[in-house]
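# return atomic coordinates for the entry below.
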Amino acid sequence: TSINGGTTLNDGTPEAKATLNLAMIVKQKLLKAGYNVLMVREDEDAQIDNIGRTVYANNCADYHIALHYDSTSSNKGAFYIGVPDNMYPVSKNWKKHNKLGKNLVLGMKNAGVKIYGNGVMGIDLTQTSYSTIPSVDLEVGDKSSNHSNKTLETIAVGIVKGMNKVNK
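Numbering: from 1, shown residues only. This is a model prediction of the structure:
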């Protein structure tokens, strides 16, 4: 395949399956809230790598949110990947990325989702380095995190709250 399936959660669930379940819930809640939603994938057989996803989002969307589970096993909570401090001059869009990420994390926190630290970790990613639109990698938990439908509903509610705040 041209894409990495991600990590495997502690109960044996592939990250790609857990994030797809979450993405479909988020999609429905965003549509209900009046947003237009463009999905990079809607089934388990999507063959588009990070560069392709970024190009697709840059050309077709206003925001790009990639849902993930972190590879740690401490149930540390949710956070977004922000542009590292040492990359400050690299991306002219870093403030937009951070505004989106901060609001998504705040929305999730307000919905009752556990947040890791201050909600951000700086890592150089293709997605944010090459995005021309506000873009974040949103780690909604890690390998030990609960990914039941009830928990995914809570995370999705938080994401919608965050998007509503971004668009005020």
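
# contacts for stretch 113-125 next, please.
Applying CB atoms under 8 Å, 6 or more residues apart in numbering, the external contacts of stretch 113-125 come out as 50, 75-85, 87, 98, 101-102, 105-106, 108-109, 137, 139-141, 154-155, 158. Where you see a C-beta, it was placed from the backbone N, CA and C, and this is true even at glycine.

# if you set the cut-off to 7 Å instead, what comes out?
If you take CB atoms under 7 Å, 6 or more residues apart in numbering as the criterion, stretch 113-125 is touched by 76-85, 87, 101-102, 105, 108-109, 137, 154-155, 158.

# and the least confident helix or strand in the chain by mean pLDDT, what other elements does it pack with?
Every helix and strand of the chain was ranked by mean pLDDT, DSSP states H and E. The lowest is helix 126-130, at a mean of 80. Applying 3 or more CB pairs under 7 Å, 6 or more residues apart in numbering; DSSP states H and E, one finds that helix 126-130 contacts helix 50-60, strand 135-142.

# what lies in contact with that helix?
Asn50, Ile51, Thr54, His64, Ala66, Ile81, Val83, Val90, Ser91, His97, Ser135, Asp137.
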